[in-house]
Every structure is written in C-alpha cells, then in structure tokens.
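Participant: I would like the atomic coordinates for the input below:
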Amino acid sequence: MKFQEQQPNISNLESDKSAALLTQDELGAFRKLPQKEQERQREERLKKLEELQNKFRKAVEEANKTGKVEEALKLKTIFDEEAADLQELVKSRFEIDKKLIQEIYDKCFDIRGKYLNPALSKEEIKFLYEIDHQINDYAKYSTEKYRKIIANRDKKSDISFATGYTKEQISLGTDKNDFILSGNIKLHYGGIDLRKITSAKDLKLPENVIGYFNLNGLKSAENLILPKKICGPLTLDNIKSPKDLILPEYMDGSLYLHGLTSAEGLKFPKNNNYFLSLTRLTTAKGLELPEYFAGSINMENLKSAKDLKLPKNIDGGLWLDSLISAKDLILPEYIGGDLHLHHLKSAKDLKLPKSIGGTLWLNGLKSIKDLKLPEHINDDIIVRKLPKKEINELKKLYPQYKNKFNK
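Facilitator: The predicted model follows:
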C-alpha cells in the first residue's frame with residue numbers, strides 16, 4: 001500500500017480526537033474572546049493546516065520514491081493534532097460543555113447508576129464547579145446528569161484540591177452568613193442573598209463568588225469592597241450613583257446595575273464576557289465600554305446617543321429601545337444577537353451593522369426612506385408599523401430577506 005493513501009483530508013478534518021493538545025483552560029479562554037477574534041484565530045489555524053497538508057503531500061511523494069517515511073509520519077502527527085484542536089474550536093459552547101458533563105458522568109456512575117466516587121482532575125473540577133467560567137445552561141440542565149454529579153460530590157474537598165484553598169477558606173450556599181462573611185473566605189460556592197443588608201460598613205465579602213450574588217439592599221457603594229471575581233449574576237439594583245463603586249476585576253454571568261442613571265467614571269470588569277444591564281441609564285456621558293464585548297448590553301432607557309461610544313463588535317445582543325433618533329448613533333460593525341431599536345421612527349442617520357446574528361427590531365419605523373439593511377441578518381426583521389406596500393418594496397430590494405419580515 002502506498003503511503004499517500006493515508007493522507008489527511010483538510011476538507012472534513014477527520015483526525016484522531018485524542019490528538020487534541022488544547023487544555024480545558026485554553027478552550028475556556030478561547031470561548032471568552034470576541035466572536036471576530038475567534039474567527040480570526042480559526043482562519044489562522046486553517047491556513048496552517050493547508051500549509052501542513054501541502055508539506056505532507058510533498059513528503060508522501062518523497063517517501064514513495066525513497067521508502068523513507070519518517071518525515072511524512074511526523075507531519076501526519078502534527079496535522080492530526082492541529083486538526084483535532086480546530087475541531088474543538090469550531091464546536092459550540094453547548095456541544096463542548098455537554099460532552100464534558102457526559103465524560104465526567106461516565107466516570108462517576110456505573111451502568112446501573114451506582115456512584116463510584118472517583119478522583120477527578122483539577123481541570124474537571126474547575127469545569128464542574130464553574131470556577132473559571134459558567135457552563136452553558138442548556139448543557140447543564142438538559143438532563144439530570146449535572147445535578148446528580150454535584151449532589152454526590154464532596155464540594156469543599158473538590159474545590160480545595162482544584163484551588164489550593166483550605167476547606168476553612170471555602171464556604172457553600174448552605175453555610176450560615178456569619179461564616180460566609182467572617183472575612184476568612186477565599187471562595188464561596190453557591191448563591192448569596194444579602195438583600196437585607198442596607199450598609200456595606202464592616203461587610204467582609206468572600207474574595208471569589210461562584211453563583212448568584214444579591215446586594216439589592218444597598219443604596220450606596222460607600223465602604224463596599226466587592227469580590228475580585230464573580231461567576232454568576234451580581235445584582236446591585238438600588239445603587240443609583242457610580243460614586244465609590246468598584247466592580248469585580250472579573251465577571252462571568254450577568255451584571256445588573258438597574259439603579260444607575262449615569263455610569264460616568266465607572267470601570268467595568270477587565271474581561272468582557274458577561275451580560276451588562278444598565279436599564280435606567282439616561283445619559284451616556286462618561287460611559288466607557290470596551291472595544292470588543294463578548295456578552296450583551298442592555299441600555300433600554302437611553303433616549304439619546306449623544307456621547308455614546310459602543311464597542312466595535314458585540315457578540316451578544318444590544319438593547320437601545322428608547323432611542324427615537326439615530327443622531328450621533330454609531331453602531332458596532334458586528335452584533336451576534338438581537339438589535340433592539342423599537343422606538344426609532346426614522347432611518348435618518350441610521351447606519352446598521354454589517355452583520356446581525358439575531359433579529360433586527362425596528363418596530364417604530366414608519367418609512368423605509370434612508371433605510372439600508374445589513375449585509376447579513378441571521379434571524380428576522382421586525383417592522384410592524386411599516387405599510388405593507390413598503391415592506392413589499394423591501395422584499396424586492398433585499399430578496400434574500402423576503403421570508404424574514406414580521407415573522
């Protein structure tokens with residue numbers, strides 16, 4: 001058999017999955033990148049695979065002439081590793097997380113459902129307890145497997161092993177507040193409901209929190225020292241001023257700041273993979289958003305785009321429901337979710353993103369004058385106040401969208 005019959009096929013990336021070199025930490029870091037950066041890295045890897053394939057073909061030709069197959073085998077191994085990594089990167093977060101839950105479940109239970117109490121790796125424990133990033137909700141709750149694993153594990157022992165903290169430095173949602181707020185806790189796992197607390201004076205919060213964190217009783221950020229890292233939703237709905245508010249360095253979840261009417265001077269978490277809710281913001285003055293945002297942003301009550309500087313790319317959705325004019329509005333080039341412009345009455349000055357990964361909501365639009373639709377809209381286009389005649393005109397102008405209007 002000639003060696004070239006074993007050539008790797010770049011078109012379907014069929015390779016040994018066990019050859020993948022990416023760790024779960026690396027996959028987690030990749031998933032936190034903005035969509036455009038993920039696409040760029042995938043393209044770079046694909047180009048590298050094409051180069052490897054060309055080198056491999058030449059090595060195969062040489063091997064068939066000389067009988068020396070060492071170089072071709074070496075290139076085949078490298079190709080398989082790179083292809084396996086790329087396979088992982090093109091998977092959705094749901095697919096990746098569901099697969100990992102299944103793998104851990106298979107370790108923990110035999111075919112009769114008996115719990116085996118196996119030792120898990122640090123990476124598996126960090127994934128299971130969402131120490132670095134949240135698990136996709138659909139993967140997590142589509143079956144009972146995740147709940148069964150967690151219910152049977154010794155949580156403090158697991159977390160201690162994965163983080164290096166002692167059991168005395170770890171608290172759980174079942175612990176009493178006196179212990180959780182003792183000042184000795186490095187990591188809290190489970191929800192914390194502190195909505196009855198009205199002052200942050202002498203409040204000693206854990207350094208890291210995994211789970212929901214409710215501080216809705218606070219009306220001021222005075223004396224408030226928040227955890228450095230929160231994986232889960234943080235609610236501070238009654239704080240109306242950004243004064244003294246220092247947010248966590250890292251967020252993976254939802255950041256609810258529903259009470260703020262201004263975000264002037266507020267520094268947001270360094271990472272950008274979370275849902276940012278500023279639903280009562282009335283002015284964008286002093287609002288500093290990152291250049292790329294991997295989550296969603298809700299500013300549904302903002303009535304003017306003056307001083308508003310949005311990210312160049314948003315991987316999630318964008319809510320600007322109350323804008324009645326597009327004056328001063330510079331939208332991102334890419335939005336991965338829905339774009340909500342419900343009260344925009346005219347398309348004057350409106351420059352929509354090149355690509356919208358969800359639905360475009362233009363419920364208040366009364367005329368198609370000046371309206372130029374994006375190059376790509378993945379889902380629907382909602383324009384309920386447009387006359388039927390103008391909707392038909394849009395269908396002629398954009399035949400690729402003819403079945404997307406007002407579904």
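
Participant: Going by C-alpha atoms from here, please, whenever you check contacts or count neighbours.
Facilitator: Noted.

Participant: pLDDT weak spots in the stretch 251-400 of the chain?
Facilitator: For the stretch 251-400 of the chain, no stretch is flagged by pLDDT under 70.

Participant: And the helices in this protein, which stretches?
Facilitator: 24-31, 35-66, 70-90, 93-108, 122-128, 137-141, 145-152, 155-163, 177-180, 388-397 (DSSP state H).

Participant: rank the ones you listed by pLDDT, which is bottom?
Facilitator: Among the helices of the chain, helix 24-31 carries the lowest mean pLDDT, a mean of 68.

Participant: show me what contacts D110?
Facilitator: L116 (CA atoms under 8 Å, 6 or more residues apart in numbering).

Participant: Roughly how far does it sit from I104?
Facilitator: 11 Å (CA to CA, to the nearest Å).

Participant: Contacts for stretch 160-170 next, please.
Facilitator: By CA under 8 Å, 6+ apart, stretch 160-170 touches 121-123, 125-126, 156-157, 159, 184-189.

Participant: from the residues you listed, which is closest to H340?
Facilitator: Y189 (34.8 Å; CA to CA).

Participant: May I ask which two of the contacts of stretch 160-170 are separated the most?
Facilitator: Farthest pair in the contacts of stretch 160-170, by CA to CA: S121 and N184, 26.2 Å.

Participant: So which of these two has more stuff around it?
Facilitator: Each of S121 and N184 has its neighbours counted (other CA atoms under 10 Å); N184 has more, 16 against 12.

Participant: Wait, the more buried one touches E207, no?
Facilitator: No. Using CA atoms under 8 Å, N184 is not in contact with E207, being 9.1 Å away.

Participant: center of this protein, which residue is that?
Facilitator: N273 (4.7 Å; CA atoms, centre = their mean).

Participant: Tell me how many other residues surround the residue nearest to F30 when sequence neighbours are not counted.
Facilitator: The shortest distance from F30 to any non-neighbouring residue, by CA to CA, 6 or more residues apart in numbering, is to Q38 (6.9 Å). Residues near Q38, counting by other CA under 10 Å, number 16.

Participant: what's the answer for E44, then?
Facilitator: E44: 12 neighbours (other CA under 10 Å).

Participant: what does S346 give?
Facilitator: 19.

Participant: I figured it hits N363, correct?
Facilitator: No. Assessed by CA under 8 Å, S346 is found out of contact with N363, at 10.8 Å.

Participant: So what pairs up with H376 in the strands?
Facilitator: Counting by DSSP bridges, H376 is bridged to S355.

Participant: That one reaches S355, doesn't it?
Facilitator: Yes. Counting by CA under 8 Å, H376 touches S355, with 4.7 Å between them.

Participant: who's more crowded, the two?
Facilitator: S355 (19 against 15).

Participant: who are the neighbours in contact with L352?
Facilitator: Taking CA under 8 Å, 6+ apart as the test, what L352 contacts is 331, 333, 372-374.

Participant: Quick check: D244 vs L371, distance?
Facilitator: Distance from D244 to L371, by CA to CA: 43 Å.

Participant: for S367, what are its contacts?
Facilitator: 345-347, 386-387, 390.

Participant: Same check on I150?
Facilitator: L128.

Participant: That one and I297, how far apart?
Facilitator: From I150 to I297 the distance is 32 Å (CA to CA).

Participant: for stretch 364-371, the distance to its chain's centre please.
Facilitator: Chain-centre distance of stretch 364-371: 33 Å, with CA atoms, centre = their mean, to the nearest Å.

Participant: and it, how far apart are its ends?
Facilitator: End-to-end for stretch 364-371, by CA to CA: 13 Å.
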